[in-house]
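Undergrad: I'll drop the sequence and a predicted model, then ask my questions.
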Amino acid sequence: MKKIIGLFIMLGLVFVGCGKQAPTPGVTDTEIIIGNIQDLSGPMKELGAVLPSGSNVYFRYINEAGGVHGRKIKMLVEDHQYNPQKAVVAAKKLIEKDQVFCLYHVIGTSPCEALRPILAETGTPLIAPATQSGTMSDMTRPAGNLIFHTDTGYDKQMVILVDYILKDNANAKIGIIYQDDDYGENVLKGASEAEASQGISIQKEAYQRGATDFAGQVGNMIKGGATHVIIAGVVKEPIIVMKTAAAMGYSPKFFGTSPTMDHRVSLAAGPAGEGFISANFANLWNSDASSAVKYRELCAQYEVPKAYMGMYHFYGYITAKVLVEGLKRAGKNLTRERLINGLETLNKWDSGAFPPITYNSKDHAGTESVILVQVKDGVQTVITDWID
Amino acid sequence: MTELTIKNLHMQFSGVVALDDVSFNVDKGEIFSLIGPNGSGKSTLFNCINRFNDPQKGQIVFEGHNLLKMQPHQIMNAGIARTFQNIQNVPFMTILDNILLGAHHRIDNRSTIQRWLSRKQRQKEEAMGLEILDLLGIANYESKYMIGQPFGIQKLTEIARALVAKPKLILMDEPAAGMNDQETYEIAKIITEIRDDLGITVLVVEHDMSLVMSISDRICVLDSGNILAIGEPEEVKNHPDVIKAFLGDPADA
Amino acid sequence: MKGRYEDENLYWIPLLIGFVLLLPFLLQSATFSYKYYLFVLNMAGIYIILTVGLDLLSGYTGLISLGHGAFLAIGAYTSAILVDQAGISFFISLIISPLIAGLFGFVIGFPALRITGMYLGLTTMGFGFIVKRLIIAFREWTHGAGGLDVSSPVLFGYTIKSDWDNYYLIYTCVILAIFAGRRLAKSKIGRAFMAIRDSEQAAEASGINLAKYKMLAFFISGLFAGFAGVLFAHTSHFISTDHFDMLLSIYFIIMVLVGGAGSIYGAVLGTLFIVLLDNLYVPMIEDWIHSFMNTNAGDIQSLIFGLIMFLFIIFQPMGLYGMWLKLRIYWKIFPFNPRKRFT
């Protein structure tokens, strides 16, 4: 009996928390706490440190200028290893234990999808999920009204890319190489939409996430006679595909979805990557867009490591800008409700990098257009204006 | 009355002949010993009866059933239990559970389900093993785990596991191996009890000559897969071929 | 009536069940973020049901499985499809879905008749990949890799929604699973499993059909995992192929090994230990380190977890249950130098 009482006491001690529940979680007179869940030790860990660092550049700038309505923004970062279950646990911790005001820039499609039930249950908004999956802006799903998507969906990107290819080259045979996960699922959705609207058939080759050998997929593309290949990969996949194709003496025109926009693609692919066109949901970090200029200025000022700077770092920076704009519009008396209302007043708002963002109570997709960026002499060059 | 008939049994392992045309009968209620030097095919014969080995030729008939047509696990159902030379038990199970392992075919599926909720059913099952424990004189060991038990207890558990199955014939592979005189005496007593009180036929392989001579009704001497002699202890002891095989040819000396 | 043969003390079990039932109230009074703890406990509960089954397979029967996440996935997807698309009630799905997972276990049991050890591990791991492919291939029902929204369970007209409800649903099932596991392990089936693990010869000589019992082990194990899968699907409300990756299956085996293979309570303790460590204590330690050191979260999370596991395996090779047994013997024979008993 004594042992059992001891056990009770021990367990009781273990679970004792601290603090008191605030009226609006995560908001005090001086601070707004937001939560971010990144992949810090999983398959996409190379982005894990970069994205929050980019966001923090902007938050620091805002905080040093006095914060939003006098409140400084503090971002807590958790790890989900690209595992939806871990993402849910991390979100539960952030929402219930750390009492964050909202979640922001959580990376990965399936982790974000897995958060929906918790968001809906607790009414926590998720601003700018770091995935371009079009499913994020599906308002009919649970928590649809709480998620604000900033990026153009993969499905939409596919349609735009196919349109672009067929406009110049009506007889093009198009092939796609896609990742066999949630990302690829959305790419496939876009591909079949494009097939239906254009009346063509697209050759589809899947690869497993984390694959490093693409000889089979490239071989099948040669067999199928594709003249235009869209690579729906992340960073290393387009590099390997283009190098493999070059080694096999196959030279179609290569295109890529938005995750392939990183400047490392052109650096690492070398001559094989010349002419590679990627769809970009935001302006380039080294372009003359107003946010990009300010971003480079701040990075220099805060002595951000050179290795961090790039498209993904910039991505973190501009989504932070969207969040801060929402917080500003929510007004002095900040609640989650007001944040949602504030964001829904955005109408063709120019972030200085994204295409004009529009939210309303029926549409949280934000943007629908991309710019195309081509590698010319090893340098990424914008070749179109916003197209949709 | 003949219980087990072995007829023209031939077994070889890729060229090495382990059993060469072995035939003998074991009568009901008999203590029948197999002796012979190492590698003479005693354990192979046991493994043939147990169906761990497949003999190339010959017949093994037990109470009219052809054992060679059976699967290894069906041998127990036919009424033949076995103990092993190198003890085969489950270290992280209590001694009672180890013994009840032998009662596997005595417990039907219905009572396996009933015992989930019925304590009576569980006790009925446990009683099967406890009965044997009392018989072998190792009561109070039932709740102890097998691991770390003295060698003698492990050997006795092995015998108990065979007995709890209520077999008609029990195969004992060197029951006294590695035991001291006192323990060997106990084992001898147990073997005779098994035959006398439970009426089980015992087929035993043993190296300890004094044990074999004192308990056996009949003895079969094997050498390199051949039968040298079969008969009562006195008969076998004085058989010239046996003396030659075990003690060496006097002419060579 | 107390029997002569008692292998365990049962008097504390009602107390433990009482404690499990009271725990949410305890948590609620102790901390405002009790929902987070409840959530982690719920997750542990689901995994406990699975690891009890896995322990019967890998710990008791000695057949290693590195693909148990796949059975969880089968249970989860089957139930999600049955309830949300075929309109079958949750309660019936709770019976059918585990059976289907069990049948898959039966099928994967066939190769186990011939291969053992690491090769079986690799085969079951391959099974995990096959199941993932299958889920993606049956796009019509499973939405491919995109994941599936799952409804809340409805039991006898009552919709189970909150973490609180989930807790009672899951832990009722956990208690049933532990009870079933214990009873199985102590019955002739459990004895047969252990005999197969330690001595196939003795098992066969005792009349145990090896093929039948190996298949049965896979079936039962699949049953438990499928059951856990149903609860998983309906309490997390979203499932995708990413939930059931290979790492999860390896986690399950680690849970069983840490707890002490071949003991139901070991599996329970191991699962609780790993889940709480991974989801509660490591983040706590990390937050504490953050308070005086500026690092990125997650940089050290895996490090702390790995370090604790490493130390644990070195100092406690017998697992948590072995540790508990040692402790018990230590108290029993206290004054008589107990130190040397286990060295």
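TA: The structure has been received and is ready for your questions.
Undergrad: Secondary structure element for residue A:206, which one?
TA: strand A:203-207 (DSSP states H and E).
Undergrad: touching chain C at all, the next helix or strand after that strand?
TA: Going down the chain from strand A:203-207, the next helix or strand is helix A:215-224, by DSSP H and E. No. Judged by CB under 8 Å from any CB of the partner chain, helix A:215-224 stays clear of chain C, getting no closer than 15.6 Å. In this view, the C-beta of every residue, glycine as well, is placed from N, C-alpha and C.
Undergrad: buried set for helix A:215-224?
TA: Residues of helix A:215-224 classed as buried by neighbour count (16 or more other CB atoms under 10 Å in any protein chain shown): A:217-218, A:221.
Undergrad: Chain C contacts on the stretch 101-250 of chain B?
TA: So far as CB under 8 Å from any CB goes, the stretch 101-250 of chain B lies against chain C at B:101-105, B:107, B:112, B:115-116, B:119, B:122-123, B:125-126, B:130, B:142-143, B:161, B:165.
Undergrad: do that again at 6 Å, thanks
TA: Taking CB under 6 Å from any CB of the partner chain as the contact definition, the stretch 101-250 of chain B meets chain C at B:101-102, B:104-105, B:107, B:112, B:116, B:123, B:126, B:142-143.
Undergrad: quick check: mean pLDDT across stretch C:224-233?
TA: Across stretch C:224-233, pLDDT averages out at 96.
Undergrad: any idea how far that stretch is from the chain center?
TA: With CA atoms, centre = their mean, to the nearest Å as the basis, stretch C:224-233 stands 10 Å off its chain's centre.
Undergrad: Contacts for that stretch next, please.
TA: C:46, C:49-50, C:52-53, C:68, C:71-72, C:75-76, C:79-80, C:94, C:97-98, C:101, C:150, C:170, C:239 (CB atoms under 6 Å, 6 or more residues apart in numbering or on different chains).
Undergrad: burial of residue C:106, as a residue count?
TA: Residue C:106 has 16 neighbours, counted by other CB atoms under 10 Å in any protein chain shown.
Undergrad: How about residues contacting the helix or strand hosting residue A:155?
TA: Using DSSP H and E, the element containing residue A:155 is helix A:154-168. Applying CB under 6 Å, 6+ apart, the external contacts of helix A:154-168 come out as A:132-134, A:172, A:186-187, A:189-191, A:193-194, A:228, A:230, A:255, A:257, A:279, A:368, A:370.
Undergrad: Just give the closest residue to the spatially most central residue of chain A, not the sequence neighbours.
TA: Nearest to the geometric centre of chain A sits residue A:130, at 2.4 Å (CA atoms, centre = their mean). The shortest distance from residue A:130 to any non-neighbouring residue, by CB to CB, 6 or more residues apart in numbering or on different chains, is to residue A:107 (4.1 Å).
Undergrad: what about that neighbour, distance to chain B?
TA: Applying CB to the nearest CB, to the nearest Å, the value for residue A:107 to chain B is 46 Å.
Undergrad: The residue in chain C that chain B sits nearest to: what's it in contact with?
TA: Nearest residue of chain C to chain B: residue C:207, at 3.1 Å (CB to the nearest CB). Going by CB under 6 Å, 6+ apart, residue C:207 touches B:73, B:76-77, B:104-105.
Undergrad: and with 10 Å instead?
TA: Neighbouring residues of residue C:207 by CB atoms under 10 Å, 6 or more residues apart in numbering or on different chains: B:72-78, B:80-81, B:101-106, B:165, C:192.
Undergrad: quick check, it in a strand?
TA: No. Assessed with DSSP: H, G, I helix; E, B strand; the rest coil, residue C:207 is coil; it does not lie in a strand.
Undergrad: Not counting sequence-adjacent ones, nearest residue to it?
TA: residue B:76 (3.1 Å).
Undergrad: quick one: which helix or strand includes the closest residue to chain A within the stretch 151-253 of chain B?
TA: Going by CB to the nearest CB, chain A is nearest to residue B:153 of the stretch 151-253 of chain B, at 32.0 Å. Secondary structure assignment for residue B:153, by DSSP H and E: helix B:151-163.
Undergrad: Who are the packing partners of that helix?
TA: strand B:80-83, helix B:95-100, helix B:119-136, strand B:169-173, helix B:181-198, helix C:200-205 (3 or more CB pairs under 10 Å, 6 or more residues apart in numbering or on different chains; DSSP states H and E).
Undergrad: re earlier: next step: the contacts of residue C:207 restricted to strands.
TA: B:80-81 (DSSP state E).
Undergrad: Quick one, which of the contacts of residue C:207 are buried?
TA: Buried among those (16+ other CB under 10 Å): B:72-76, B:80-81, B:101-106, B:165, C:192.
Undergrad: And the residue of chain C closest to chain B, how close does it get to residue C:191?
TA: Residue C:207 sits 12 Å away from residue C:191, going by CB to CB, to the nearest Å.
Undergrad: By proximity to chain C, which residue of the stretch 1-150 of chain B wins?
TA: residue B:76 (3.1 Å).
Undergrad: tell me the contacts of that residue?
TA: B:50, B:70, B:82, B:102, B:104-106, B:162, B:165, B:167, C:204-208.
Undergrad: tell me which parts of the stretch 151-300 of chain C are close to chain B?
TA: Residues of the stretch 151-300 of chain C lying close to chain B by CB under 10 Å from any CB of the partner chain are C:179-180, C:182-213, C:260-263.
Undergrad: same thing but 8 Å
TA: For the stretch 151-300 of chain C, the residues in contact with chain B (CB under 8 Å from any CB) are C:180, C:183, C:186-189, C:191-192, C:194-195, C:197-199, C:201-210, C:262.
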